[in-house]
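K.L.:
Pasting the sequence and the predicted model now:
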Amino acid sequence: MRVKYVLSEVLVGLWRNVTMSIAMIITMAVSLTMLGASGLMYRQVDDMKDLYYKNIEVSIFLTQEVTEQERTDLQTKLDSDPLVKDVLYVNKDEAYKRFKEMYQDAPDLVNAVKPDQLPEAFRLKLNNPEQYKDVYDQYKDTAGVEEIIDQSRLLDKIFNILTSIQNIALAAAVVMAIAALLLVANTIQVAAYSKRREVAVMKLVGASNWFIQAPFVLEAVVAGLIGSLLGLVALVAAKYLLFDGSLSALQGLLSPITWGDILFIFPLMAGVGGLVSAGTAWITLRFYLRV
Amino acid sequence: MTKTYPKASRPSLDNVSVSIEKGEFVFFIGPSGSGKSTIIKMLLHEVAPNKGRVVVNGKDVTSMRSWKRPHFRRSIGCVFQDFRLLPNRTAYENVAFALEVIGKTKAVARRVVPEVLELVGLGGKEHRYPHELSGGEQQRVAVARAFVNRPLILLADEPTGNLDPDTSIEIMRLLDRINRTGTTVVMVTHDSNIVNQMRRRVVEIESGRIVRDQARGVYG
């Protein structure tokens, strides 16, 4: 009977103040969507970092006047370097071949450049791409080295952008969460006020505190859970319309978001939505009902 | 015991000591602001004394933790001047509500509530709403609600304050009947008529001090 009583009180409570309940659920949903999106991006960025940094290369270009001796010295040094996983030597002919492939749409440019003019290079794969700086410091003054170029610097820029998007989503989630919290607190106050007579009688005859509080707290929790469900719907729609739709051209660039990722992030959203609402409701009641 | 409210110039109760035996019927009388209601609040563990102890049913409640209060209150029934009934519930539902919120089943309520409504003289009016009942009848519902859980103590804070003299006397008969079942009744009032008719113990309070404690007293 008590469970039934509490549940019916929850539904009556949500319905009694339906506009406020809707406002509470919507803000909660937006906040949780942002939270979920930022969580998804976090995984996404991690995946992409793995993917890209694994294939990253550092190129050491040699000067035109490099001697045979300098080249072999460098080669042996690189071969024995613990930072370096793989070394590939590219001579002028190969460099020219690559150059021709890369600029095959611009025959004028290709014709203007002779194989001689392109630098020889060592292409390195590092054991840990983040140790690029060490490699750079170590070889920049070596005889015969013209320039060291690291692809990860470009990637860093891209990932910086992605990280700031992620932070913006997280900040939006926090701001919306604050709005949601205030709405929860307000809804609970209104609910407690409209049931003040019942609450007074319950306190008088000795109903236990949890019994008095449970309907209010659960009302907030149910709103939080509905909000997180709407957030899930929003994320599914975003995947369906954005990633599988208009952004599908970028598929090779972005690592795919799977349905599994979204299902994985949902418990987080539901948990945060439920717990935060419950906590807010409980604290509000402590001040408002003093039970 | 002594109780001083914050911002008050003098204590609401000043070094008051009173002992009520089980099964007694006690009137607390005195002018408004004399501290009568503070005694009720202390017995309900709503306020605590600054000095001294409050012992109810053999238990020292002075330092009782607030989470124990609900269970403690189940042994005390309460009636007020303004009835405090739930307007959207019938007489039966009002009384049953008090049982259900402390975890009694509907089956228990179905057995006990008609009995107690019969006891207070409301047989046949179980399904009336408070606005369909007279003041005296509403107070009977309140008494039924206070008594339905068979408390050891019944506190009545000016229960006849809103009622005409004849109805007041009926309510007093009812409280007397409840007292005869062994329930201790503590009643705060300034209805001299009733005190004089009942001839029970009278404790008079003035400016927070006991000025009289008489076994079969009259009003002033």
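P.N.:
Arrived safely. Numbers count the residues shown, from 1 in each chain, chains lettered A, B, ... in the order given.
K.L.:
how much space between residue B:79 and residue B:175?
P.N.:
In this view, residue B:79 and residue B:175 are 8 Å apart by CB to CB, to the nearest Å. All C-beta atoms are positioned from the backbone trio N, CA, C, and that covers glycine.
K.L.:
more neighbours, the two?
P.N.:
residue B:79 (26 against 22; other CB atoms under 10 Å in any protein chain shown).
K.L.:
Give me the residues contacting the helix or strand harbouring that one.
P.N.:
Residue B:79 belongs to strand B:76-80 when elements are defined using DSSP states H and E. Applying CB atoms under 8 Å, 6 or more residues apart in numbering or on different chains, the contact partners of strand B:76-80 are A:204-206, B:43-44, B:56, B:139, B:142-143, B:145-147, B:149, B:151-159, B:183.
K.L.:
what about 7 Å?
P.N.:
A:204, B:44, B:142-143, B:146-147, B:151, B:153-157, B:159 (CB atoms under 7 Å, 6 or more residues apart in numbering or on different chains).
K.L.:
give me the element the spatially most central residue of chain B is part of.
P.N.:
Nearest to the geometric centre of chain B sits residue B:155, at 1.9 Å (CA atoms, centre = their mean). Of the helices and strands defined by DSSP H and E, residue B:155 is found in strand B:153-157.
K.L.:
That strand pairs with which strands?
P.N.:
In the sheet, strand B:153-157 lines up against strand B:76-80 (parallel), strand B:184-188 (parallel) (DSSP bridges).
K.L.:
show me the residues around the residue of the stretch 101-250 of chain A found nearest chain B that make contact.
P.N.:
Proximity of the stretch 101-250 of chain A to chain B (CB to the nearest CB) peaks at residue A:206, 3.4 Å away. The contact partners of residue A:206, taken as CB under 7 Å, 6+ apart, are B:70-71, B:73-74, B:102.
K.L.:
what does residue B:27 give?
P.N.:
B:187, B:189, B:195, B:200-203.
K.L.:
Next, it: secondary structure please.
P.N.:
Using DSSP: H, G, I helix; E, B strand; the rest coil, the structure places residue B:27 in strand.
K.L.:
Check the gap between it and residue B:213 for me.
P.N.:
For residue B:27, the distance to residue B:213 - CB to CB - is 11 Å.
K.L.:
Give me the buried subset of the contacts of residue A:206.
P.N.:
B:70, B:73-74, B:102 (16 or more other CB atoms under 10 Å in any protein chain shown).
K.L.:
so residue B:111 is in which element?
P.N.:
Counting by DSSP H and E, residue B:111 is found in helix B:106-119.
K.L.:
that's a strand at residue B:212, yeah?
P.N.:
Yes - under three-state DSSP, residue B:212 falls within a strand.
K.L.:
Might you report the residue contacts of it?
P.N.:
Residue B:212 neighbours (CB under 7 Å, 6+ apart): B:202, B:204.
K.L.:
cutoff 10 Å now
P.N.:
Taking CB atoms under 10 Å, 6 or more residues apart in numbering or on different chains as the contact definition, residue B:212 lies against B:29-30, B:202-206, B:220.
K.L.:
you'd agree residue A:88 is in a helix?
P.N.:
No - Residue A:88: not assigned to a helix; according to three-state DSSP it is strand.
K.L.:
Once you drop chain neighbours, what's closest to it?
P.N.:
residue A:123 (4.4 Å; CB to CB, 6 or more residues apart in numbering or on different chains).
K.L.:
Tell me the gap between the top helix by length along chain B and the middle of its chain.
P.N.:
Assignment by DSSP state H gives helix B:165-180 as the longest helix of chain B. Between the centre of helix B:165-180 and the centre of its chain there are 13 Å (CA atoms, centre = their mean, to the nearest Å).
K.L.:
which sections of chain B are below the confidence cut-off?
P.N.:
B:1-9 (pLDDT under 70).
K.L.:
Flag every residue of it that's near chain A.
P.N.:
Chain B comes close to chain A at residues B:44, B:46, B:66-67, B:69-78, B:80, B:84-89, B:94, B:97-107, B:109, B:145-146, B:148-149, B:151, as judged by CB under 10 Å from any CB of the partner chain.
K.L.:
how near is the residue of chain B found nearest chain A to residue A:50?
P.N.:
Nearest residue of chain B to chain A (CB to the nearest CB) works out as residue B:73 at 3.4 Å. Using CB to CB, residue B:73 is found at 62 Å from residue A:50.
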